[in-house]
Structures are given as C-alpha cells and as structure tokens.
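Asks: Sharing a model prediction with you, sequence too.
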Amino acid sequence: MLRSLKRAECIKFLCYGTSSFAILFLCGQSTFMTKGVKMQNFSCSPVVKSSIYVIIRSRVERTQYHGYNKVEKCNQSFYEDVREQGETNHTLRAEKYADAMFKKYGTGMLNFQFPDSAFYSIDFGYVTFPAEFSCSESSNISTIFLSLMVTVDSFRVELLNTFINYYIGLGIKPRNILLTVQVLRSSEVDRIIKIIDLIVSKGVYYDIFIGKWSSEALMFHQAHKLLHCTKAKDWNIVADSDEFHGYPTNDLRTFLRHLDSENINVVNGLFLDRVSSDGSLKALRSTSSIFAQFELGCRIHKTFRLGTPKKVMAFKGNLRINRGHHRLALCWFWNRRNYLDISPWSDCPPNEVTKINPYPDRLDVHHFKWM
C-alpha cells in the first residue's frame, strides 16, 4: 500500500523525475519547501467548472484558430490572444493620415479616440468554439452578417429570442448571425444551457468568451470574428441585443443591394428609445409584438444626454467601427492599440485612401432598454 511521504522524501522524488501526479498522490501536498527554497506549486485551478466546460468546449482542434492560439489549462482546452497593454503605438505616418481624414470628415462619422483606461484594463479572457459549423461562407456575392455579444448574466438575454427572430425576418440567414456568449466563472449552468439551446435551435453561429465584459473586450473579440468570417464585399451589422434597426424596407437584402449600386458603404442611425404607453417599466411578453408592447418612440438618449445616441447600422467589410458602435474606426484607431493585425488593414495609411460614402439619412435604431 502506498504511504504518505515526508517532505524530504518528496524532494528525492522530484530530483529523480517521478511524475508530478505521483508526487501529489504520495505527498498529499501541493507546495514543497526545503532549506528556504519554495518548490513548484502543483495545484491546478481550472478556468471554469467541469459542469460548464462540457457545455462550452471547442469542437475545433487546431493550434491556431481565428487569430487565437490554443492553450491547455488543467486538462481544459481554450483559445487566447493576449496582448501587451503597457503602451500605445503612435506612428508618424498613421497620425498624419488621421489628421488628414479629420480635416476631410470631422468627428461626425469617424472616431479619433486615443486608448483610455478601458484599453489598459481589458480582460482578454479565453475563447471556445462549440458551434457545429463554420462562420464563413464561400459565396461570391455580397453576404449580410450580424455580429453581437450577449452576457449570460444580463437582462438582455430575455430579448435574445425576439432579437434573432427580428433580424432573420429582415433577411439575414441564421448561420450568418455571429453571436458571442460571454460567460463568467460564476455563471449558472442552467442559464448557460438555456441560452445555448436557444441559439442552436435557431441555427445561429456562436462562440464563447470567458472573461470580464467591457466594451473594449467586445470590440477586440468582434474584430477577430469580422476578420475571419467576413469579406470586404460583405455587409456587416453590429447591434446589441436591445437594438432593433429600422431600415426603409423590411427586405434588408434589397436595400443593401441598392446601396451597393450607389457605392454607399455605411449606414448611420440614431437611438429611438421605445417605452410603454404609460411610461412604466414592463416585462417582455412573448404573446405580442415587442413594438406593440413598447409603442412609444422617444429620443431619450439625445434629449437627456444619456450617452452618444449615434449608431453605425451597417458598413462594408473593408471598414470597422469603434467601441459602442457609434462611429467608423479606421486604421489609425487600430494602429494606436496595436490591433492592426485584427483589422482589414495591413498598414496605416493603407495603399488606397479609405473612401467614406454614407447613406444620406440617419435611420432609427429602436432601443428597447426601458423594461
């Protein structure tokens, strides 16, 4: 029968190459000390509980995928892309290009923000890819993609079913909805299962982000998806789960084909906050239209200055948007953050100056926050 070993005997096992598993079994300790020298800690703390991991584990087995590197943590496999956030990147050519574009377009459509505290404190976390199919299409024609992130522990999850149905109704194929589910180590298993079951039943592509939510983290991971799932000729829509875009026609494909014929490459919108007829906060019911339940449209964000009411509603695949989806973010934005490799640009300025040709009208972004 195996006996428990004293600390000195454990050190002998270490020196003679016995496996760490055997040492743990025999010594019953995770940390060893001898003559004031601290030995290796053999304890292993998994990234998520096993009950969560079996639900969210990846179906891909590549060493690199969508710009992430595969890592093993306590017999759990994840993908990560961790960056050094110690300093920003300011190159003379990129900043001169930003100045020229500022003089031409101003700040109404383009973002010139420098990295801030959110950049320095981002939790890159881990990513898994549990979906049963790839996110990309091999089509030679322009495809419409919708990208969003939902947080398992957020109230917006209740909107998810209505949200997905709405955009499918506009003409976006379920497999072209690129959905990231943000999970915490403390998230409830039942809640994760409920959300993933809904996503799978709709035929929507999804991946998992394990980490702390922030607008910087959302933008970082969405950038990976857009780079690896979409093409320059495609149309990209990015929306939060409480944002229902209102386009001139319910046939989004026809509308965007018309924009292609006019060489328009971006559509901008403005929050139209939806509230109930008596102004009370009500729970969403599945028995009637969300628009009927919150029938009044108000410019609450704009009137009371609750935040930037502008939203980018659609943009071509050779463009990108900033955190919060309020303005276009061109190459200098990504260059300053050392994120150029996850953008459409390999250099800044690019070989060809990026042309911005917006749709002339700002459309409504129906905002179902007040419930």
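Replies: On my side now, so go ahead. Residues are numbered from 1 along each chain as shown.
Asks: Tell me the buried residues in stretch 258-276?
Replies: When neighbours are counted by 16 or more other C-beta atoms under 10 Å, the buried residues of stretch 258-276 are found to be 259, 264-275. In this view, the C-beta of every residue, glycine as well, is placed from N, C-alpha and C.
Asks: Quick one, grab the pLDDT at the spatially closest residue to L296 that is not a sequence neighbour.
Replies: Counting by C-beta to C-beta, 6 or more residues apart in numbering, L296 lies nearest to V275, which is 5.0 Å off, once chain neighbours are set aside. On the pLDDT scale, V275 is placed at 88.
Asks: isn't V275 right next to F294, touching?
Replies: Yes. The pair formed by V275 and F294 meets the contact definition of C-beta atoms under 8 Å, at 5.8 Å.
Asks: Spit out the residues that contact those two alike.
Replies: Shared contacts of V275 and F294, defined by C-beta atoms under 8 Å, 6 or more residues apart in numbering, comprise W370.
Asks: Backbone dihedrals for Y53, please?
Replies: Per-residue torsions, Y53: phi -60, psi -40 (degrees, to the nearest 10).
Asks: neighbours around it, how many?
Replies: Neighbour count for Y53, taken as other C-beta atoms under 10 Å: 19.
Asks: unless I'm mixing things up, Y166 is touching G246, no?
Replies: No. Here Y166 lies out of contact with G246, judged by C-beta under 8 Å, at a distance of 10.4 Å.
Asks: So between the two, which is more surrounded?
Replies: The neighbour comparison of Y166 against G246 (other C-beta under 10 Å) goes to Y166, with 18 against 15.
Asks: Find the nearest non-adjacent residue to that one, please.
Replies: Leaving aside its sequence neighbours, Y166 sits nearest to F244 (C-beta to C-beta, 6+ apart; 5.5 Å).
Asks: and if you look at R62?
Replies: Once flanking residues are discounted, R62 sits nearest to K70: 6.8 Å by C-beta to C-beta, 6+ apart.
Asks: doesn't the one you found fall inside a strand?
Replies: Yes. Membership of K70 in a strand is supported by DSSP: H, G, I helix; E, B strand; the rest coil.
Asks: can I assume it is in contact with Q76?
Replies: No. The criterion here is C-beta under 8 Å, and K70 misses it with Q76 at 11.3 Å.
Asks: Between these two, point out the one with more neighbours.
Replies: Between K70 and Q76, Q76 has the larger neighbour count (other C-beta under 10 Å), namely 20 against 15.
Asks: what do K70 and Q76 both touch?
Replies: Among the neighbours of K70, none is also in contact with Q76 (C-beta under 8 Å, 6+ apart).
Asks: who's in contact with the residue nearest to L296?
Replies: 294, 296, 298, 300, 370.
Asks: which of these are buried?
Replies: Those of these that meet the buried threshold are 294, 298, 300, 370, by 16+ other C-beta under 10 Å.
Asks: Let's see which of those end up in strands.
Replies: C298 (DSSP state E).
Asks: With respect to pLDDT, which of the contacts of V275 ranks lowest?
Replies: I300 (75).
Asks: Please determine how far that one is located from K369.
Replies: 9 Å (C-beta to C-beta, to the nearest Å).
Asks: anything in contact with each of the two?
Replies: With C-beta under 8 Å, 6+ apart, I300 and K369 have common neighbours D273.
Asks: hey, what's in contact with both of Y166 and G246?
Replies: Listed as contacting both Y166 and G246 by C-beta under 8 Å, 6+ apart is no residue at all.
Asks: any idea of the mean pLDDT for stretch 110-120?
Replies: Computed over stretch 110-120, the mean pLDDT rounds to 95.
Asks: nope, stretch 157-168 is what I meant
Replies: The average pLDDT for stretch 157-168 rounds to 92.
Asks: what do you get for stretch 131-149?
Replies: In this model, stretch 131-149 has an average pLDDT of 87.
Asks: How far does that stretch stretch from one end to the other?
Replies: This stretch, stretch 131-149, spans 15 Å end to end (C-alpha to C-alpha, to the nearest Å).
Asks: on that earlier part again, of all the buried residues of stretch 258-276, which comes closest to S139?
Replies: Of all these, S139 sits closest to L259, with 18.0 Å by C-beta to C-beta.
Asks: Which strand or helix spans that closest one?
Replies: helix 252-261 (DSSP states H and E).
Asks: Just the CA trace of the helix or strand following that helix, in PDB.
Replies: Per DSSP H and E, the first helix or strand lying C-terminal to helix 252-261 is strand 266-275. Output in PDB follows, covering the C-alpha atoms of strand 266-275 (Å, rounded to 0.1, in the frame of the first residue of the first chain):
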ATOM      1  CA  VAL A 266     -22.000  52.900 -44.400                       C
ATOM      2  CA  VAL A 267     -25.500  53.500 -42.900                       C
ATOM      3  CA  ASN A 268     -25.800  55.600 -39.700                       C
ATOM      4  CA  GLY A 269     -28.700  55.700 -37.200                       C
ATOM      5  CA  LEU A 270     -30.000  57.400 -34.100                       C
ATOM      6  CA  PHE A 271     -31.500  55.900 -31.000                       C
ATOM      7  CA  LEU A 272     -35.300  55.900 -30.800                       C
ATOM      8  CA  ASP A 273     -35.900  54.700 -27.300                       C
ATOM      9  CA  ARG A 274     -39.000  52.600 -27.000                       C
ATOM     10  CA  VAL A 275     -41.200  52.900 -23.900                       C
END
